[in-house]
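Peer 1: please work out how this folds:
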Amino acid sequence: MPHTGYALVGQIRHRELKTRLGLAAFIGITATVVAPSMWPVVWFVAVLLGQAIDEIIFAPVRRNPARKPSRNRKIMCCVSAATNVAIYSSIAAYVWVFGGEIGRVFAIVQVAGGLLHVSLHMHHQRALLLSAAIPHSLYFLGLPVVGSIARGAWHEMLVVVGCVLYLGHLVVAVRQTSTTTQALRDANRKADEERARAEVANAAKSDFLATISHEIRTPMNAVISAANLLKSSELKPAQRDHVAMLLDAGDVLMSLLNDVLDFSKIEAGMMELEHAEMDVRARLTALSRLWDTRARASGLTLTVEVEEGVPERVWTDPLRVQQILFNLLSNAVKFTETGEVRVTAHWCAETHSLRVEVRDTGCGIPADRMGHVFNSFEQVEAGTTRRYGGTGLGLAISRKLARLMGGDLTAESVPGQGSCFTLVVPVAVEGQAALIRDEIDPDPATLVGMSLLVVDDHEVNRRILTLLLEPHGCELTLAENGAEAVELAATRRFDVVLMDMQMPVMDGLEATRRLRLEGVNLDTPVIALTANAMDTHRAAWDALGVADFLTKPIDPTRLINSLVRACMERPAAPETAEVA
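Peer 2: Predicted coordinates:
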C-alpha cells in the first residue's frame, strides 16, 4: 500500500492509461461525426502528448511509493493533472460550438463523466483532486452560461442549475468516499498493528513456554527417574504403593505440562491424538489410588466400579482419558465436603463407547451457572478460586479433548445434592493397532558392552543416566558440554551418543553438526535427550537427522528401546575403533 496520496494516484493513473486513451479515441471519433473537421485529430494528438508527459512526471512517486515527494514534484503533478484535464475536456467546447443541439448534449455528458472519473480516482489527494476538478467544473458550468448569454436564450440557464445540483451531489459522494476510504485505512492500520502485537505476544508466549518447559522438566526428570529406580529395587508393599502413586502423579503432571505446551493446538482444534491400548480397570485403579488418600483425609468415600460388560482393554488415547478423569476427580473431591465420590464405568455396545460417570455429593452447581462451567477461566462463583484454588481451565480443556476424540463431556447437577459429570468416548475393542515402538520389550542382553557418550551439563541428569544404564551392561563416557563431547568423539568411537540440547560452551545442535563433519563417529547415531520439548526444538533436531528425539523426564523403557534400535540400525564398525 503506497504511503502517500500522490503515489496512489500515480499508480491509478498508470493503470487506467489504456482506458483513458481508448475513451479519448472514441470521443474524438464521435466529435468528428458530430462536427466534421481536423480539430478532433489535433485534439487527440494533444491528449497523447499530455498523457506521455503525465506519465513521466508521476513516474518517480509511482516507483517509490514509500518516499514522500518533494514540494516541486507535488506542484508538477498538480500542474500536469490540471493541464491534461483542460486538454481532455477541450473537445467539449468544440462540439458545444460546432455540433448543434446534439453537440451540446454530448459536451455536457462528456464533461460530467470526466468529473465523475477524477472524483473517483483522485480523492486520495486533495490538491490533485482540486487541480483536476476545477478545469472540468469550469467547462461544466461555463459552457451553458456562455452559450445562453451568446444566444440570448436565458431559459437555458436552467441547465446551469442542473449542473450545480450535479456538482453538489458529486461533492457529497466524494466526501463519503473519502471518509469510507480513510476508515478502511484506519481499520487496516489497526489490524496490522494488532497482528504485529499478536505476533510479538505469540513469540513471547512460545519463549516463555519453552523456558518453563525446560525448567520444569529438569527437576521432574530427577523426581520421576528416582521413582523408577526405586520401583526396580526391593520395597515393602506399602513403599511400593507409595512409589506407584508417585509415578502415577508424575505421569499426570507431565501430561498436564504437555497440554500447556500444546494449548494453542487445543484452541485451534489441531491437537494430535494417540491410538493405543488402555487397560480400563488398571487406569481407573491408578486414578483412584491418586485421590483415595485425599478423599479419606476429607472424610469422603471414593468408590470405583466397572460394570461386567466393560471390555478389559480398549483402543483410545489413554493419557487424554486419564487427564479428563483426573480433572473430574479433582473437582469432585475438591467440592465435596461430606458423603462420597463414585466413579462408574459403563459399556455402550450400540455405539462402541466407553461411558464413565463421576458422581459426587457436593455443593452442586446452580442452574443459571451450568452453561458456563465448560468456559475457559470461569468458576461457578467469584470466590471459588480464592476458596478452592484452580484456574477454571480444567473442565474447558477436558471437554475439548473429549470432543476431539469424537465423544463429549456433559454435566448434571442439583444444588445442595451433588453433580454428575459424564464422559463418553468412542473406543475400538477388536482389531490390531499400529505397532507402538515404545512398548517393545527389548532383550537386555542387546545392551551389554554398548559404548555410550552421554552429554549433559546437569550433574543430576548424568547421575540418573548412569544409574539407569550401567545395570544393563552399558559403558558410559560422560561429557558436560558439546565442546567436550566433540573432543572425546574425535579420539574414540562410540555406539550411540545421548545429546542434551541447551548447554554452556557449545550446545547440542552445534556439537551434533560437528560430529557429522568428520571423524570416527561420523555415522554414530545421535539420540536427542532434552528438556526442550517444543515443536521447533524437534524440527531443529530432525534437520540434523538424529536417530530419535526423547524428552525429559526420561522414560526408561523408551530410552532402552531407542538405544537398541540405534545399535541395530548402525553400520558395522571398522576394524580400528580407537584413534591414537
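Peer 1: could you look up the SS state of V310?
Peer 2: coil (DSSP: H, G, I helix; E, B strand; the rest coil).
Peer 1: again but with R283, I slipped
Peer 2: helix.
Peer 1: test my guess that A566 contacts L550.
Peer 2: No. Using CB atoms under 8 Å as the test, A566 is too far from L550 to be in contact (11.2 Å). In this view, the C-beta of every residue, glycine as well, is placed from N, C-alpha and C.
Peer 1: which residues do the two both contact?
Peer 2: Jointly contacting A566 and L550 under the rule CB atoms under 8 Å, 6 or more residues apart in numbering are I527.
Peer 1: so the two - more neighbours on which side?
Peer 2: A566 (22 against 17; other CB atoms under 10 Å).
Peer 1: which non-adjacent residue is nearest that one?
Peer 2: P525 (3.8 Å; CB to CB, 6 or more residues apart in numbering).
Peer 1: quick one: classify F421 as helix, strand or coil.
Peer 2: strand.
Peer 1: and N375, that's in a strand?
Peer 2: No. Read with three-state DSSP, N375 is coil and lies in no strand.
Peer 1: isn't it up against A396?
Peer 2: Yes. With contact defined as CB under 8 Å, N375 counts as touching A396 (6.2 Å).
Peer 1: so those two - more neighbours on which side?
Peer 2: A direct count of neighbours by other CB under 10 Å for N375 and A396 places A396 higher, at 19 against 13.
Peer 1: so after the lowest-mean-pLDDT helix or strand in the chain, what's the next helix or strand?
Peer 2: Counting by mean pLDDT, DSSP states H and E, the chain has its least confident helix or strand at helix 384-388, which shows a mean of 42. Sequence-wise, the next helix or strand downstream of helix 384-388 (DSSP states H and E) is helix 394-404.
Peer 1: what packs against that next one?
Peer 2: helix 263-268, helix 318-334, strand 408-414, strand 418-426 (3 or more CB pairs under 8 Å, 6 or more residues apart in numbering; DSSP states H and E).
Peer 1: and the helix or strand where Q51 lies, what other elements does it pack with?
Peer 2: Here Q51 is covered by helix 39-63, with elements defined by DSSP H and E. Here helix 39-63 touches helix 5-15, helix 17-34, helix 71-98, going by 3+ CB pairs under 8 Å, 6+ apart.
Peer 1: can you list those helices in CSV and add distance to A133 and mean neighbour count?
Peer 2: Putting these into CSV (distance: least, CB to CB, whole Å; neighbours: other CB atoms under 10 Å) gives the following:
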stretch, distance to A133, mean neighbour count
helix 5-15, 13, 20
helix 17-34, 16, 16
helix 71-98, 8, 19
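Peer 1: and the angle for the lengthiest helix in the chain with helix 5-15?
Peer 2: In the chain, taking DSSP state H as the definition, the longest helix is helix 157-231. Going by axes from the mean of the first three to the mean of the last three CA atoms, to 10 degrees, helix 157-231 is angled at 110 degrees with respect to helix 5-15.
Peer 1: pLDDT averaged over helix 157-231 - what is it?
Peer 2: In this model, helix 157-231 has a mean pLDDT of 74.
Peer 1: packing partners for it?
Peer 2: Helix 157-231 packs on helix 100-122, helix 126-151, helix 237-261, helix 459-469, helix 535-543, going by 3+ CB pairs under 8 Å, 6+ apart.
Peer 1: now the last one - C-alpha only, PDB.
Peer 2: Coordinates of the C-alpha atoms in helix 535-543 are reproduced here as PDB (Å, rounded to 0.1, in the frame of the first residue of the first chain):
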ATOM      1  CA  ASP A 535       7.900 -28.500  18.100                       C
ATOM      2  CA  THR A 536      10.500 -26.000  17.000                       C
ATOM      3  CA  HIS A 537      13.100 -27.900  19.000                       C
ATOM      4  CA  ARG A 538      12.100 -31.300  17.500                       C
ATOM      5  CA  ALA A 539      12.300 -29.700  14.000                       C
ATOM      6  CA  ALA A 540      15.800 -28.500  14.700                       C
ATOM      7  CA  TRP A 541      16.900 -32.000  15.700                       C
ATOM      8  CA  ASP A 542      15.100 -33.600  12.800                       C
ATOM      9  CA  ALA A 543      17.000 -31.400  10.400                       C
END
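Peer 1: which pLDDT value belongs to M270?
Peer 2: 53.
Peer 1: hmm, I typed the wrong one, I wanted R281.
Peer 2: 91.
Peer 1: check the one 5 residues further on too.
Peer 2: We have a pLDDT of 85 for A286.
Peer 1: which non-adjacent residue is nearest it?
Peer 2: Closest to A286 by CB to CB, 6+ apart is D248, at 4.8 Å.
Peer 1: return the residues in contact with that neighbour.
Peer 2: Going by CB under 8 Å, 6+ apart, D248 touches A286, L287, R289, L290.
Peer 1: one more pass at 7 Å, please.
Peer 2: Residues near D248 by CB atoms under 7 Å, 6 or more residues apart in numbering: A286, R289, L290.
Peer 1: quick check: D500 touching L529?
Peer 2: Yes. With contacts defined as CB atoms under 7 Å, D500 counts as touching L529 at a distance of 6.3 Å.
Peer 1: lowest average pLDDT across the helices and strands packed on helix 157-231?
Peer 2: helix 237-261 (a mean of 73).
Peer 1: for the nearest residue in space to T551 that is not next to it in sequence, helix, strand, or coil?
Peer 2: Distances taken as CB to CB, 6+ apart put A533 closest to T551, at 4.3 Å, once the chain neighbours are dropped. Secondary structure for A533, judged by three-state DSSP, is coil.
Peer 1: make 39 the first number, not 1, from now on.
Peer 2: Okay, residue one is now 39; in that scheme the one you just asked about reads as A571.
Peer 1: roughly how far apart are A571 and A234?
Peer 2: 28 Å (CB to CB, to the nearest Å).
Peer 1: of the two, which one has the most company?
Peer 2: Neighbour count, other CB under 10 Å: between A571 and A234, A571 has more, with 22 against 10.
Peer 1: quickly note the distance from that one to A577.
Peer 2: Using CB to CB, A571 is found at 12 Å from A577.
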